[in-house]
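>>> Sequence plus the predicted model coming up.
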Amino acid sequence: MTPSKTPDREARERLRRYTARQKVHSHQVSRRRRDNVAAIVAVVLVAALGTGAQIVHTGGSPAAPGASASASASATPTPSASAANTGDVPPESLAENRTWTGSLTLNKTVRLGISLDGEKAPQATAALVSLIQKKFYDGTHCWRMSDGASAKFFQCGATKADGTGDAGFQFGPLENVPSDNRYTTGVIAMARATSPSSQATQFFIVYGDTFLDGSTGGYTVVGRVTSGLDGLEKNITDKGVTPFSGSTDTTTGAPKVATTITGATIK
């Protein structure tokens, strides 16, 4: 007859089996934790990649100020629903189907050379040429800018520092709009609200390659900055932006350096 195990041996066997079970359980718990952590990391990475892609496409937020699905550039804080030209709009013939050259001086020290394309954007060129010749822009405000990763623009031409005020006319149509919604560094384009016929006195200068939402038609490229862009960046845009009150978009707002147009020429 096989002798029975002593109590000590039985206790040691129970302890061995218990310890083995505990090791298996601990391994399972540890594995579940690793799997959970991996899943969480994967979710975070997907979210981060989604945000990154969104940043590439939105950049900042320039049709109304504030966060939006895509960047845009508006002439006023509230969109205009104008469906046709209003007021005394300068005739297209004033553009003379040629290139106009001149300058913009900001804060008396930053001088930008500019050219306006009277062939590709005759209506917008006619409007700007007329306004410059009449000294309209002297004392107007550059009240809005974006320094987003893919939306870098500087908006000017409002008679009031809050972005309101114009010459009393609005016009269309949209002209010379980039087919890919990309506005290259140096571009001068007309700001507007929702309607293509809501262009007025305001324009924006692109100081870094920019993607703008084209779902409502895009923006008229009227000309280019031909010199002095580095001065604009060094003295004004590099100083940063103050987000508009109540906006969650930290890349778009008022330039920290208050800026007015102190001189403009064209010929």
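That came in fine, so what should we check first?
>>> residue boundaries of the strands in this protein?
99-106, 110-117, 141-148, 151-158, 182-183, 187-190, 203-208, 210-211, 221-227, 241-243, 252-255, 259-266 (DSSP state E).
>>> Mind putting these into CSV with distance to G87, mean neighbour count and mean pLDDT?
Every residue, glycine included, has its C-beta placed from N, CA and C. Below are the strands of the chain laid out as CSV (distance: least, Cβ to Cβ, whole Å; neighbours: other Cβ atoms under 10 Å; pLDDT from 0 to 100):
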stretch, distance to G87, mean neighbour count, mean pLDDT
strand 99-106, 22, 19, 98
strand 110-117, 21, 20, 98
strand 141-148, 20, 26, 98
strand 151-158, 15, 25, 98
strand 182-183, 27, 20, 98
strand 187-190, 15, 26, 98
strand 203-208, 17, 26, 98
strand 210-211, 29, 24, 98
strand 221-227, 19, 21, 98
strand 241-243, 32, 16, 98
strand 252-255, 27, 23, 98
strand 259-266, 21, 18, 98
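>>> between the ones you listed, which one is nearest to S93?
Closest approach to S93 among those is made by strand 99-106 (13.6 Å; Cβ to Cβ).
>>> and the strands of the chain as CSV, adding distance to A84?
What follows is these, written out as CSV (distance: least, Cβ to Cβ, whole Å):
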stretch, distance to A84
strand 99-106, 26
strand 110-117, 24
strand 141-148, 26
strand 151-158, 21
strand 182-183, 26
strand 187-190, 16
strand 203-208, 21
strand 210-211, 29
strand 221-227, 20
strand 241-243, 34
strand 252-255, 29
strand 259-266, 27
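>>> Do me a favour and get the end-to-end distance for stretch 201-215?
22 Å (Cα to Cα, to the nearest Å).
>>> could you pull out the helices for the stretch 51-200 of the chain?
122-133 (DSSP state H, counting those that start in this stretch).
>>> Any stretches of it with poor pLDDT?
Applying pLDDT under 70 to the stretch 51-200 of the chain flags the ranges 51-83.
>>> that older thread, S197: which of the strands of the chain is closest?
Short answer: strand 187-190, nearest of the strands of the chain by Cβ to Cβ, at 11.3 Å.
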